[in-house]
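1. below are the sequence and a predicted model; questions follow.
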Amino acid sequence: MPVVTVTSQNEIAIVRVNNPPVNALSHAVRSELFEACESLDKDDTIKAVVLICDGRTFIAGADIREFNQAPKEPHLPDVINRIEMSTKPWIAAVHGTALGGGCEVTLGCHYRVAVKSAKFGLPEVHLGLIPGAGGTVRLPRLIGIESAISMVTTGKPISASEAHQNGLVDAVAPDGELEAFAISFTRSKMTASLPIAISRRPVTDVPDDKTSKEILAGVSAKARGQLSPVEAAASVLDSGKLDVVEAFSSERERFVQLKESEQSAALRHVFFSERQTSKIGKLEGIKTRNVQSCGVIGGGTMGAGIASAMLLAGYEVIMIERDEEAASAGAQRVAKTLDGSLSRGLISQEKRDAMGEAFSTSTQYEALTATDLVVEAVFEDMKVKKQVFRKLCDVCRPDAILATNTSYLNVNEIAASATNPERVLGLHFFSPAHIMKLVEIIETETVSDETLATGFAIAKKLRKVPVLSGVCDGFIGNRILANYRKQCDYMLEDGASPQDIDTAMRNFGMAMGPFEMQDMAGLDIGWANRKRLAPTRDPKERYVKIADRICELGRFGQKTEAGWYQYPEGSRKGIPDPVVEEIIAEERKAAGIVPRSFTMAEIQSRILQAMVSEGQKILDEGIARSAADIDMVFILGYGFPRWRGGPMFAGGVRDT
Ligand code: 3HC
Ligand code: NAI
């Protein structure tokens, strides 16, 4: 079956790409496009060409699956150069997303039209690459250096109207009328002479050397160790200074080098892993339940975050709290989050109002008699959770899905306290729950496939990435976290400071250091968990008391203005605290330890090894399905650098 077909309408050829699911530029697409170009140039009955795609999107880029194979001719830059050199105008007609190589194909065309909902982007940085088919050379010639650098370094797509404003798009078509609009646009250009090819145009805003250096320094600081954004900016800047042929070959050289890099391999692993987490063989074809209304028990940090996420995804939400005061505090937290989304332009006033209508609070569990799903987010205490589940079983429909957001507790035990335990599962969100992309879906011994599949469907509606986890203390994420925190505590007692460890891990590329993160999340949940585990702890195991002593002082992190650091007057930026230094010194002395210094590399390696060894145990026990799933948990839930591919990938553990 051909993936590119050519038809004609009164001297206009319609070149149509049909390569599901996203019209990626596979070898077949490249070859057939090249051939179409050759034959249309020779066809005297044709005066112009519309390039359009079938299916859900315009060309979404190079075929990433081919990156691991030897490149085959025709290469994409040659196809695009061939289109640009055509003797007849080519008009790209774009719907969906023209991304990466797809966007570069449109830049080889002589004009670009797009429907209002279309998007244009060069997301190669997210794969550890730079545009490799002329994107960094043609884009600045069309929209200027500044806009081009923004697009290639952030990888963020722009809307058709923004693209129209900055000159990337020539005309915007109403949604649903692309083909007719493109044909009529083409007809209006048929008698005009061909516009100058974009690659032959000058770059008009080349910055001087000092400004170029500043631009690169700014991109590098934001990239925090990732190479591709810096290379992408450098390629755009070079293209303004070099002759166009040199610019193309310099871009290609950078692209090929990055394609072979460990960072790109890691980011490609992340791209595919993110899409694999929800593919669970036994759940394929299982019908999911229709969920429209959701109860949330508890309006604290997590309850309010989960309620907000649910409202933003279009669910009706009833929040249950212990008393009116707590209910009103929970409602205020939700309102603050939704108002924040409104003020940042993420939702319209109309949507905000609708969410206000869809949300209510109550102190009576009876308000939940009709809800389809309930997520419990009360205190991390088994007794309290069991009481809540018993109440839910009394009032909810017998088939209502009941989920717990517990961080560590045994979900099998919680399920056993419920009637119809096949409807009970864990939905473990991460804070702030309306932002963090990860949800661990906890599979109990008794959960039905229908309930599990519905858990995955809910995560998808919330636009989150679900990762399946078996039941164990802390599931995938918090169990590994607890293990590497132990290593941090050992290093602390042996001579490192919280700042040493936080700085090392930030330099490793983590969004935050482990102590800063604890201060942000709150030290109390971990403390409660350590107390819960104390009776079963192996007395021979080394136990560092520093964290407990900090908690005993009521220092629970940012929310109490003190934890591992101090946060005077509610500041978010912690400063080292002599109180903590003294506790550390006392504990070292009590343990008879002579403090030694740690290099940054040693700290990073100890922490990575701790993650990998616990990850391996989790795999061996069947708690996680794959090393890739563990990687996703840490990248999406704990700020592990994407460009390292996750802890298992970085530690050399790959799925076979
Ligand atoms: N190559 C190969 N497969 C791709 C692909 C690509 N460029 N883009 C998407 N796919 C696959 C996905 O793996 C998925 O496969 P699966 O069904 O087997 O899991 C399927 O297409 C559908 O993808 P999504 O689930 O992501 O579908 P969505 O509708 O949610 O999103 C999209 C569509 C916005 C196009 C999104 O897939 C996307 O962002 N794709 C990547 C785009 C990209 O990075 N392009 C640049 C590639 S590098 C390049 O072009 C280099 C050039 O400069 C030389
Ligand atoms: P929190 O202390 O901020 O909120 C708990 C809320 O539950 C309080 O508002 C309390 O009034 C309410 N509550 C207690 N008992 C109740 C009952 N019987 N009925 C109705 N409401 C009740 O706690 P947080 O941080 O929101 O944690 C909640 C759960 O989420 C815990 O199980 C925790 O382990 C888990 N979790 C916490 C994360 C975090 O980062 N804070 C991340 C992921 C999970």
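-> Structure received. Ligands and ions are numbered 1, 2, ... in the order given.
2. get me the contact residues on the protein for ligand 2.
-> Within the chain, the positions adjacent to ligand 2 are 297-303, 320-322, 326, 377-380, 384, 388, 405-407, 429-431, 521-522, 525 by CB under 6 Å from any ligand atom. For the C-beta atoms, the positions are set from N, CA and C on the backbone; glycine is no exception.
3. so the residue in the stretch 1-150 of the chain that ligand 2 sits nearest to: helix, strand or coil?
-> At 26.6 Å from ligand 2, His126 is the closest residue in the stretch 1-150 of the chain, using CB to the nearest ligand atom. Secondary structure for His126, judged by DSSP: H, G, I helix; E, B strand; the rest coil, is helix.
4. ok, it touching Phe271?
-> Yes - between His126 and Phe271 there is a contact under CB atoms under 8 Å: 7.4 Å.
5. between those two, point out the one with more neighbours.
-> Using other CB atoms under 10 Å, the more surrounded residue of His126 and Phe271 is His126, with 21 against 15.
6. and the more buried one, how far from ligand 1?
-> 6 Å (CB to the nearest ligand atom, to the nearest Å).
7. near ligand 1, which residues of the chain?
-> 21-22, 24, 57, 60-65, 76, 97, 99-101, 104, 123-124, 127, 129, 131-133, 135, 275.
8. picking that back up, can you flag which of the residues of the chain next to ligand 2 belong to strands?
-> 297, 320, 429 (DSSP state E).
9. which helix or strand contains Gly426?
-> Assigned by DSSP states H and E, Gly426 falls within strand 424-429.
10. which stretches in the stretch 401-550 of the chain count as helices?
-> All helices of the stretch 401-550 of the chain, identified by DSSP state H, counting those that start in this stretch, fall at 411-416, 449-461, 475-494, 498-508, 514-521, 524-533, 546-552.
11. coming back round to it: what's near enough to touch the residue of the stretch 1-150 of the chain closest to ligand 2?
-> By CB atoms under 8 Å, 6 or more residues apart in numbering, the residues touching His126 are 155, 267, 271, 642.
12. residues contacting the closest residue to ligand 1 within the stretch 501-650 of the chain?
-> Per CB to the nearest ligand atom, Ala628 is where the stretch 501-650 of the chain lies closest to ligand 1, at 12.7 Å. By CB under 8 Å, 6+ apart, the residues touching Ala628 are 269, 272-273, 276-277, 646, 648-649, 655.
13. quick one, what contacts the residue lying closest to Trp564 once chain neighbours are set aside?
-> Distances taken as CB to CB, 6 or more residues apart in numbering place Phe515 nearest to Trp564, at 4.0 Å, with adjacent residues excluded. Neighbouring residues of Phe515 by CB under 8 Å, 6+ apart: 488, 498, 501-502, 563-565.
14. check which residues of the one helix or strand in the chain whose mean pLDDT sits lowest are buried.
-> Within the chain, no helix or strand scores below helix 524-533, which has a mean of 89 by mean pLDDT, DSSP states H and E. Applying a neighbour-count criterion of 16 or more other CB atoms under 10 Å, one finds 524-530 buried in helix 524-533.
15. tell me which other helices or strands it touches.
-> Applying 3 or more CB pairs under 8 Å, 6 or more residues apart in numbering; DSSP states H and E, one finds that helix 524-533 contacts helix 475-494, helix 546-552.
16. can you check what angle separates it from helix 514-521?
-> Put simply, helix 524-533 runs at 100 degrees to helix 514-521, going by axes from the mean of the first three to the mean of the last three CA atoms, to 10 degrees.
17. what sits up against helix 524-533?
-> 380-381, 407-408, 473-474, 482, 485, 518, 547-548, 551, 556.
18. export it as CSV, just CAs?
-> Extracted as CSV, the C-alpha positions of helix 524-533 are listed here (Å, rounded to 0.1, in the frame of the first residue of the first chain):
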residue,chain,number,x,y,z
ASP,A,524,5.5,14.4,59.2
ILE,A,525,4.3,11.6,56.9
GLY,A,526,7.8,10.0,56.7
TRP,A,527,8.2,10.4,60.5
ALA,A,528,4.8,8.7,61.1
ASN,A,529,5.9,5.9,58.7
ARG,A,530,9.2,5.4,60.5
LYS,A,531,7.4,5.1,63.8
ARG,A,532,5.0,2.6,62.3
LEU,A,533,7.9,0.5,61.1
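19. re earlier: report the buried members of the contacts of helix 524-533.
-> Among the contacts of helix 524-533, the ones that count as buried by 16+ other CB under 10 Å are 380, 407-408, 474, 482, 485, 518, 547-548, 551, 556.
20. state the pair within those that is farthest apart.
-> Based on CB to CB, the longest span within the buried ones among the contacts of helix 524-533 runs between Gly474 and Phe556 and measures 19.2 Å.
21. follow-up on the earlier one: what is the nearest of the contacts of Phe515 to ligand 2?
-> Lowest distance from ligand 2 to these (CB to the nearest ligand atom) belongs to Gly563, with 13.6 Å.
22. for that closest one, give its distance to Arg530.
-> Gly563 sits at a distance of 15 Å from Arg530 (criterion: CB to CB, to the nearest Å).
23. from one end of stretch 123-131 to the other, what's the distance?
-> 8 Å (CA to CA, to the nearest Å).
24. pLDDT (mean, whole number) over that stretch?
-> Taken as a whole, stretch 123-131 has a mean pLDDT of 98.
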